[in-house]
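Visitor: give me a model of this one.
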Amino acid sequence: MNHLAHFKLASAHPKLLVGNLLADHVKGQLGGRLDQGVETGIRLHRAIDAYTDSHPLVLASHARFDAPYRRYGGIITDIIYDHFLARHWTAYDQRTLHDFCRGALEEVMSYSEFLTTPARERAMRMQSTRSMEHYGTTTFIEHSFIYLSEKLKHENPLASSISQFEKHQSSLESDFLAFFPALQNFASDWVEQHNEQLAYGTHRDLS
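Guide: Sure thing, here's the model as predicted:
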């Protein structure tokens, strides 16, 4: 899943949100390197990714793509599923998408002492551009594919992946609508099982 879904699934506690953002910047074993609650957020992010990557509905989405794109099914599906989450936002949250995104990023920045410099800069860019609020537009999908294509070091077809969204939109949307409630239940159960770890921890500046 991409930023919007991870933020939504981690919104039960500010430290989960912080860990969710840090997960893209902190690799390897944790074991007390960071604040315990923040580490719990990183582990939640990793658990969500593992659950998503192996789920039959997500794998079915990957299989819908034409052969040149199927190898990049995980990347393509992450973007498209966040698009559908934004489009169907009112089914999953009582807050407006604007209010949710603003509030989540404000909470992250209120714990900015836990963030690495790259993560802090990313959060600030997300605030200034209000990027997650644009996830429901087709333009967001196309620009995301082009951006990710340029980031990869090898030749890839991601820049033209909007064609796969347009071709399989209805089926992919059905996959998402069936999958996301299951993912919500998984994340909620996971957080409940690890809730005690959010109550402890010390401040560590990772700059």
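Visitor: for the chain, which segments count as helices?
Guide: 3-9, 14-22, 36-54, 56-64, 67-70, 73-87, 97-110, 117-129, 138-151, 162-193 (DSSP state H).
Visitor: can you check which of the ones you listed gets nearest to residue 29?
Guide: helix 36-54 (10.2 Å; C-beta to C-beta). The way it works is simple: take the backbone N, C-alpha and C, and place the C-beta from them, glycine included.
Visitor: can you list the buried residues in the closest one?
Guide: 36-45, 47-48, 51-52 (16 or more other C-beta atoms under 10 Å).
Visitor: for it, name the packing helices and strands.
Guide: For helix 36-54, the elements it packs on are helix 3-9, helix 14-22, helix 162-193, judged by 3 or more C-beta pairs under 8 Å, 6 or more residues apart in numbering; DSSP states H and E.
Visitor: ok, back up a step: any chance of the helices of the chain in JSON lines, with mean pLDDT and distance to residue 28 too?
Guide: Output for these, formatted as JSON lines (pLDDT from 0 to 100; distance: least, C-beta to C-beta, whole Å):
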{"stretch": "helix 3-9", "mean pLDDT": "95", "distance to residue 28": "19"}
{"stretch": "helix 14-22", "mean pLDDT": "92", "distance to residue 28": "13"}
{"stretch": "helix 36-54", "mean pLDDT": "94", "distance to residue 28": "11"}
{"stretch": "helix 56-64", "mean pLDDT": "97", "distance to residue 28": "25"}
{"stretch": "helix 67-70", "mean pLDDT": "94", "distance to residue 28": "29"}
{"stretch": "helix 73-87", "mean pLDDT": "96", "distance to residue 28": "21"}
{"stretch": "helix 97-110", "mean pLDDT": "95", "distance to residue 28": "22"}
{"stretch": "helix 117-129", "mean pLDDT": "93", "distance to residue 28": "16"}
{"stretch": "helix 138-151", "mean pLDDT": "93", "distance to residue 28": "21"}
{"stretch": "helix 162-193", "mean pLDDT": "96", "distance to residue 28": "21"}
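Visitor: need the winner for burial among these.
Guide: Among the helices of the chain, helix 14-22 has the highest mean neighbour count (mean count of other C-beta atoms under 10 Å), at a mean of 26.
Visitor: report all helices and strands that it contacts.
Guide: Using 3+ C-beta pairs under 8 Å, 6+ apart, helix 14-22 is in contact with helix 3-9, helix 36-54, helix 97-110, helix 117-129.
Visitor: nearest to residue 189 among the ones you listed would be which one?
Guide: Here helix 36-54 is closest among the helices and strands packed on helix 14-22 (C-beta to C-beta), at 10.3 Å.
Visitor: distance check, residue 174 against residue 101.
Guide: To residue 101, residue 174 is 26 Å away according to C-beta to C-beta, to the nearest Å.
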